[in-house]
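Asker: Here's my sequence, what's the structure:
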Amino acid sequence: VWLVGETGNPADVTVRGAYNSKTPFRVFNISNAGAKLDSLTVSGGYINANSTYGAGVYMKGGTVTNCVITGNYCGGKTSRCAGIYMASAGCVVSHCVITNNSTVRQTDATTSITDWGAGGTAIAMVGSGTVRNCLIAGNTSSKDNVGAIVAVHAGVFINNTVADNVNTAVDGTAGVLASGGKVINCLIAGNTKTGTTPQYAEWRGSTDLFVNCATELYPINDTCYCGPDIGFLDHPNRDYRLSSASKCRDAGQNDDRAGSLDLLGENRVINKIIDIGCYEFDNSAFSASFVQSAKTGFSPLTVVFTAKPDGFDEGDELEYGWFVDGVLRQKSSEPTFSSDFTPGEYSVKLVAANLTKQVTAEPYEIAGAVTCGARQLYVVDGNPDAAFPYDSFSNAASTVQMAIDAALDGADICVSNGTYALASAVS
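Answerer: Sure, this is the predicted structure:
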């Protein structure tokens with residue numbers, strides 16, 4: 001049986017469970033290899049019994065494609081996976097958005113990362129299936145042991161983007177946990193992990209299971225990229241397409257298992273080499289983003305920005321407009337822009353124009369592109385004239401926590417004489 005949304009747009013057809021702790025049930029059970037869910041939103045699954053799996057979709061076969069899996073919940077001791085639980089070989093999940101699902105207490109203290117019970121909130125791959133060209137973002141896990149947002153124990157997890165997920169468990173993984181299978185050409189960034197081992201914000205498991213992936217903070221192996229220039233087009237607004245400056249462009253490993261189309265239905269390989277993540281950068285249209293020499297630093301801070309245009313012909317006359325906090329600071333044919341910053345947080349926007357073809361690129365803006373801080377901060381108990389950047393006794397922070405919140409790594413904080421009564425712990 002194929003269950004297919006009429007218009008092809010999953011926003012038009014929602015299949016919703018009761019999302020009720022008194023009558024808990026998952027939304028879909030799929031057991032036939034020929035079954036398919038296509039162009040649906042799957043929501044409201046709720047399971048809270050011990051050792052129960054897959055609140056949105058439980059698969060022992062079949063295909064889930066072009067679906068949105070959102071707003072499903074899994075709780076109860078050793079219950080696992082709020083999104084899609086792939087229990088058997090041959091299951092396929094492709095071109096799906098898996099977002100805003102949550103789990104509580106997926107695993108207990110006896111579970112290890114090699115156990116099939118170790119996750120995952122959004123998707124758990126237990127059988128040798130395939131997950132490709134999916135966006136997995138905005139999912140949460142709490143009160144867990146070793147649970148993960150994405151758990152790959154078998155199969156192929158290829159050309160997916162895993163971003164802005166949160167795991168507050170002490171030993172949980174906010175990105176991808178891999179104890180088997182392969183994780184290929186995946187972009188893992190912007191995830192938040194509290195507790196021990198900050199690396200688990202991005203990845204956990206055997207390094208040889210990851211191939212040509214990209215992370216922001218914690219390197220995996222020599223085949224993978226790690227650095228700040230992941231290059232989401234508009235990360236603050238959760239637009240996870242690649243910018244023209246992204247290091248993920250043409251950085252993957254060509255593999256037929258990724259399929260022929262990306263999440264948006266565009267060609268999966270545009271420039272001979274596949275991109276990392278679920279989106280392929282389209283260089284047919286004129287666009288421009290930028291890289292910068294620094295993102296944080298102490299005052300005085302000088303930052304050089306360099307435009308990275310694409311989709312133009314050699315000899316075209318280009319013009320670049322640079323804005324800082326909405327104010328035009330430079331407009332010229334020079335692709336570089338240098339600016340000095342005093343303490344504060346600044347947005348930077350680039351508007352590029354192809355004067356030859358009379359076309360203007362979509363503005364590229366990063367909110368909080370630059371954070372500049374004072375090297376020396378001060379605290380005076382109850383100071384009525386407290387004002388950022390707290391860099392003298394006259395404008396000192398009025399509480400210790402206020403100064404710590406404003407301090408960059410490496411800053412010194414001078415605390416004036418007095419007794420500082422606390423309402424909560426300083427952290």
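
Asker: and the residue lying closest to Asp229 once chain neighbours are set aside, what does it touch?
Answerer: In space, and not counting its chain neighbours, Asp229 is closest to Lys247: 4.6 Å by CB to CB, 6 or more residues apart in numbering. Placement of C-beta: from N, CA and C, glycine included. Residues in contact with Lys247 (CB atoms under 8 Å, 6 or more residues apart in numbering) are 214, 225, 227, 229-231.

Asker: which one in the residues you listed is the model shakiest on?
Answerer: Across the contacts of Lys247, the bottom pLDDT score, 84, is held by Asp229.

Asker: contacting residues for that one?
Answerer: Each residue near Asp229 by CB under 8 Å, 6+ apart is listed here: 245-247, 291.

Asker: tally of neighbours for the nearest residue to Asp316 once chain neighbours are set aside?
Answerer: Excluding the flanking residues, the one nearest Asp316 by CB to CB, 6+ apart is Thr356, at 4.2 Å. Thr356: 12 surrounding residues under other CB atoms under 10 Å.

Asker: Check the spacing between Thr356 and Glu362 real quick.
Answerer: 18 Å (CB to CB, to the nearest Å).

Asker: go on, Thr23?
Answerer: Using CB to CB, Thr23 is found at 47 Å from Glu362.

Asker: who's more crowded, these two?
Answerer: Set Thr23 next to Glu362 and count neighbours by other CB under 10 Å: Glu362 wins out with 14 against 9.

Asker: In this structure that one contacts Phe286, no?
Answerer: No: the pair Glu362 and Phe286 fails to qualify as a contact (CB atoms under 8 Å) at a distance of 9.1 Å.

Asker: May I have stretch 264-278 as PDB, with CA atoms only?
Answerer: Extracted in PDB, the C-alpha atoms of stretch 264-278 (Å, rounded to 0.1, in the frame of the first residue of the first chain):
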ATOM      1  CA  LEU A 264      14.600  20.500  -2.700                       C
ATOM      2  CA  GLY A 265      14.500  18.300  -5.800                       C
ATOM      3  CA  GLU A 266      17.500  19.900  -7.400                       C
ATOM      4  CA  ASN A 267      20.200  17.900  -9.100                       C
ATOM      5  CA  ARG A 268      22.300  16.100  -6.500                       C
ATOM      6  CA  VAL A 269      25.600  16.700  -8.300                       C
ATOM      7  CA  ILE A 270      25.900  20.100 -10.100                       C
ATOM      8  CA  ASN A 271      29.600  20.700 -10.300                       C
ATOM      9  CA  LYS A 272      31.000  17.100 -10.800                       C
ATOM     10  CA  ILE A 273      31.500  16.500  -7.100                       C
ATOM     11  CA  ILE A 274      28.600  16.200  -4.600                       C
ATOM     12  CA  ASP A 275      28.200  18.700  -1.800                       C
ATOM     13  CA  ILE A 276      28.100  17.800   1.900                       C
ATOM     14  CA  GLY A 277      24.600  17.900   3.500                       C
ATOM     15  CA  CYS A 278      21.100  17.600   2.200                       C
END
